[in-house]
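Asks: what's the 3D shape of this:
(one chain, ligands or ions: 1)
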Amino acid sequence: MRQAIDPGICSKNLQRVKDAVSEVESAGVKLTIINIGGGYPCKYSSFRNHVALMDIATTVETEVKRLELTQQLITEPGRRIVANAGVAVTSVIGRSEKHGKKWLFLDMGVYSGLMQTAKFQESTRYYITSLDKKEADEEELVTYSLAGPTGDGPDVIDREALLPKNLEIGDRLVIHDIGAYSLPTVCPFHAFPQPCVYLV
Ligand SMILES: Cc1ncc(COP(=O)(O)O)c(C=O)c1O
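Replies: Got it, this is the predicted structure:
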C-alpha cells in the first residue's frame, strides 16, 4: 500500500509496462487493457507536501502518448477516494513522562484501526486535533508521543503529535482521514473493544 511520492515513478513504470507489452505482443498476444493500479496519495500529516493528483494524471497522459500505448487504461484508486471519509474520536486514558518525553495513552491504537501508523505501512502520521481543549495559540502546544491501550511495544501511533499542553485523562482527540485501511485492520489482539462506527 505505497503512496506515490513522485510522478516520475509513473514514467519509469510506464516504460517498464511498454517493454512488457512489446514482449508479449511479439509473442503474438494482443493486450487490450492496462491496469495501472492504485497508490494515489492522501494528505496525511506525514504527506503534507503530497503529489497532486493532477500532476500524476498529466505525467501518465504524457507518457502514454509518448510510448504510443494504445490500450484502454484503467486505475484502481483506493485511499485517495475514501481516506477523508472517516474520522476517529479517541479518549486519553493515561498520561506519563519518561526520559523527558510526554506520553499520552489512548483508548485506540495500532490494533484498533490505526495499523497504517506501523513502520511497514509507511509510518503514516495522521492529522490529530484536540476536541475538548482548543489550541489557543502555538505556545500552548507541546509534542507528545501517542500510544494505544495495549502496552505492546509497537502500539505507538505518533511520536511527534503537536497538541495542547493541558490535555487530561478523559479529553478526546480527533484522528482525521482514517477512512482507508482502518476498520479492515482492526484485530482482537489483547481483546480490547473494537471501535464503534457511526454513519453521519
Ligand atoms: C489490487 C489493488 N488495487 C488498488 C489498491 C488501492 O491502493 P491505494 O489505496 O493505495 O490507492 C489496492 C490496495 O491494497 C490493491 O490491493
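Asks: can you list contacts of the longest strand along the chain?
Replies: When the chain is parsed with DSSP state E, its longest strand is strand 88-98. The contact list for strand 88-98 (CB atoms under 8 Å, 6 or more residues apart in numbering) reads 102-108, 113-114, 131, 149, 167-175, 178, 182, 195. Using the backbone N, CA and C atoms, a C-beta is placed for each residue, glycine as well.
Asks: Among those, name the ones in strands.
Replies: Mapping the contacts of strand 88-98 onto strands (DSSP E) picks out 102-106, 172-175.
Asks: Which among the contacts of strand 88-98 count as buried?
Replies: For these, a neighbour count by 16 or more other CB atoms under 10 Å gives the buried set as 102-108, 113-114, 149, 167, 171, 173, 175, 178, 182, 195.
Asks: Can you tell me how far the residue nearest the centre of the chain is from residue 143?
Replies: Nearest residue to the geometric centre of the chain (CA atoms, centre = their mean): residue 124, 5.0 Å. Note on residue 124: its distance to residue 143, by CB to CB, to the nearest Å, is 18 Å.
Asks: Pull out the buried positions in stretch 82-96.
Replies: Buried residues in stretch 82-96, counted by 16+ other CB under 10 Å: 82-84, 86-88, 90-92.
Asks: Tell me how far the closest residue to residue 46 other than its chain neighbours lies from the ligand.
Replies: The spatially closest residue to residue 46, leaving aside those adjacent along the chain, is residue 125, at 3.8 Å (CB to CB, 6 or more residues apart in numbering). For residue 125, the distance to the ligand equals 17 Å [CB to the nearest ligand atom, to the nearest Å].
Asks: and residue 125, what is it in contact with?
Replies: 44-46, 117, 158, 160.
Asks: That one and residue 18: what is the separation?
Replies: Here residue 125 is placed at a distance of 36 Å from residue 18 (CB to CB).
Asks: Contacts for the helix ranked longest in the chain next, please.
Replies: Longest helix of the chain, by residue count under DSSP state H: helix 8-26. Here helix 8-26 makes contact (CB under 8 Å, 6+ apart) with 4, 31, 34, 36, 56, 59-60, 63-64, 67, 69, 71.
Asks: for stretch 76-87, same thing?
Replies: Outside of stretch 76-87, the residues within contact range by CB under 8 Å, 6+ apart are 1, 3, 35, 37-38, 40-44, 53, 174-182.
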